Structure formats: C-alpha cells, structure tokens
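[1] quick one, structure for this:
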Amino acid sequence: MLELRHVSRHFGGVKAVDGLDMQVRQGEILGLIGPNGSGKSTTVNLISGLYTPSGGSVMFQGEDISALPTHLRAQRGIARTFQNIRLFSQLSVWQNLWAARVERSSGWDGFKARWLAGSNQGREQAEQILEFSGLQGKRDVLAGNLAFGEQRRLELARAAVSGAPLLLLDEPAAGMNASEIEDLDQRIRALRDQGRTVVLIEHHMELVMGVCDRVVVLNFGRKIAEGAPQEVQNDPQVRAAYLGADDNDELMNAALAA
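    Numbering: from 1, shown residues only. The predicted structure is shown next:
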C-alpha cells in the first residue's frame, strides 16, 4: 500500500531521515518506534505531506506522491493524528467529524453544500464513527471543552471518519492513563478489522508490542531493525539504541515495557 524508497529529509546539516526504505502492507498495523530524535515524526510528516523529501520517493497505492500537497494526499486516502492535539476547538464533536468526512470526499464546494443541506449517507457514517468513539453523549459539546482522553478519542475518530484507508497515528497514547490506553488498543484493532491500515508511532512499548503486526525501528534517521514485535524487542541493535548497551536484559525489558 505504502512504500518509502530511500527517502531522506535534511534540515541544513541535520539528517532527520536518511535513506529510509520502508513498506506498509495493506491491512496491517505497523509500529514505528525509536528513541527521541530518531526521525519517527519526520517520517510521518513526509508521508502526510507536511514535508517534502530531500531525496527519494513516497509511493502510495502505486503512485508517486512525493510532490503532492497535504490536501491531495488526504483526498487520496491518507489521514493522520498529531502528537499535539489539533481539533477544531470551537466546533462541536459532531461538527469536527462532519468537517473531516466531507473535506476528503468532495472538497470545499461539497463541504459548503453538505454542511448546509446535509447528506443522509454522510450523517449515517458520522453517527457510526461517533458511536465507535464512545462520544455519543458529547456530540454537541465543543471539542475544546472535552477532557483530554476524550479529545484523543475524537482526533482518532476524525481521522477514521474521513474514510481514508491509511491512518497515521502519531503518539495517540501520549498523556493517557492505563485504562485509556487499553481502550485505545481495542479501537486500533477495530479499525484494522474494518479494513484500515494503521501506522502507529508510539513511545508506549506495551501498546506497540501488543497491537502491532510488525515493527520498524529508527535511530538517527535510519532503519536499524524490522520484524515481528518479539524479534525487534530482542534485537541487539534495538537494545543498544534504547540503553546505549545491550548487556542488561532487565533494564531493556523495563524500557520496552514502560
């Protein structure tokens, strides 16, 4: 579905991503992990179009999208969340979902027409996502007035309601408590079961190791490991990247379970 071919992004002399080759298979949950500053969020920004590559190409469903702006990538079926929540805080929960759905399907003209006139199909889809998010009782509440965990759920729901087959989740568990993370685990699995493909960027290793089908590990902008969660967890290069040494199993297991 998605392929990064020797992709790089340089900021002056800093090589945030350096010759990255990575594939995302349709229908999988792929974890993208690494220490702080390893290039994870830069990679997501390259996929979603916030950054253009300094070199290499981003391929999506057989098309080179490296030069496409963000909104055209969204129309082609790539949706994302952010580390720092970016909701329309002065719109209601329902309006946030409605805006996300119509923008992808028909652009600004369709947005105006459907916002004013409504669409039965669109409303049904938004209602389904509202139920999926567990926010039915908050549909008319302003997004900015939601609790933090509810805002996280709304951001995930807003990405899902777009209908995009590829979802990029950038640290969706940040700031969540244990019960909220467990709930997030189930929602990500449900999205995969609905046929979505998910790229999960996350520091919470228990979530990554539990929910992901495959994991890619970055360090200093380069891929250092790839494979099943257990394989990656036991990889000496990964252990060294997280701790600076690979000879302390107890510390490493604690780091990957934190």
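
[2] helix, strand or coil: sort out residue 84 for me.
    Here residue 84 is recorded as coil under DSSP: H, G, I helix; E, B strand; the rest coil.

[3] quick check: phi and psi at the residue nearest to residue 185 when sequence neighbours are not counted.
    Computed as Cβ to Cβ, 6 or more residues apart in numbering, the closest residue to residue 185 that is not its neighbour in sequence is residue 211, at 5.2 Å. In short, each C-beta sits where N, CA and C put it, glycine included. Dihedral angles of residue 211 (phi, psi; degrees, to the nearest 10) stand at phi -100, psi -20.

[4] number the residues from 40 up from this point.
    That works, and once the first residue is 40, the last one we named lands at residue 250.

[5] quick check, residue 250 in contact with residue 208.
    No: with contact defined as Cβ atoms under 8 Å, residue 250 and residue 208 do not form a contacting pair (10.4 Å).

[6] give the residues shared as contacts by these two.
    Residues touching both residue 250 and residue 208 by Cβ atoms under 8 Å, 6 or more residues apart in numbering: 227, 239.

[7] between the two, which is the more surrounded one?
    Per other Cβ atoms under 10 Å, whichever of residue 250 and residue 208 has more neighbours is residue 208, with 24 against 20.

[8] all strands of the stretch 90-239 of the chain, in order?
    With strands called from DSSP state E, counting those that start in this stretch, the stretch 90-239 of the chain shows them at 94-99, 102-103, 117-119, 205-209, 236-240.

[9] please tell me how far residue 225 sits from residue 66.
    18 Å (Cβ to Cβ, to the nearest Å).

[10] when the two are compared, which one has more neighbours?
    residue 66 (14 against 10).

[11] so the more buried one lies in a strand, does it not?
    No: counting by three-state DSSP, residue 66 is not part of a strand but coil.

[12] show me what contacts it?
    231, 234, 236.

[13] most neighbours of all those, which one?
    Of those, with other Cβ under 10 Å as the count, residue 236 tops at 22 neighbours.

[14] residues touching that residue, list them.
    40-41, 63-69, 204-206.

[15] ok, 7 Å please
    By Cβ atoms under 7 Å, 6 or more residues apart in numbering, the residues touching residue 236 are 40, 63, 65-67, 204-205.

[16] residue 139 too?
    197, 200-201.

[17] over to residue 274?
    By Cβ under 7 Å, 6+ apart, the neighbours of residue 274 are residue 264.

[18] report pLDDT for it.
    pLDDT for residue 274: 90.

[19] where does the stretch 190-297 of the chain dip in pLDDT?
    282-297 (pLDDT under 70).

[20] what's the separation between the residue lying closest to residue 216 once chain neighbours are set aside and residue 211?
    In this structure, residue 216 finds its nearest non-sequential neighbour in residue 188, 7.5 Å apart by Cβ to Cβ, 6+ apart. Residue 188 sits 11 Å away from residue 211, going by Cβ to Cβ.

[21] looking at the two, which is more packed in?
    The neighbour comparison of residue 188 against residue 211 (other Cβ under 10 Å) goes to residue 211, with 28 against 16.

[22] contacting residues for the more buried one?
    Counted by Cβ under 7 Å, 6+ apart, residue 211 has contacts 120, 191, 195, 223.

[23] now these in JSON lines, with distance to residue 87 and neighbour count?
    Output for those, formatted as JSON lines (distance: Cβ to Cβ, whole Å; neighbours: other Cβ atoms under 10 Å):
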{"residue": "120", "distance to residue 87": "10", "neighbour count": "24"}
{"residue": "191", "distance to residue 87": "18", "neighbour count": "24"}
{"residue": "195", "distance to residue 87": "15", "neighbour count": "22"}
{"residue": "223", "distance to residue 87": "20", "neighbour count": "23"}
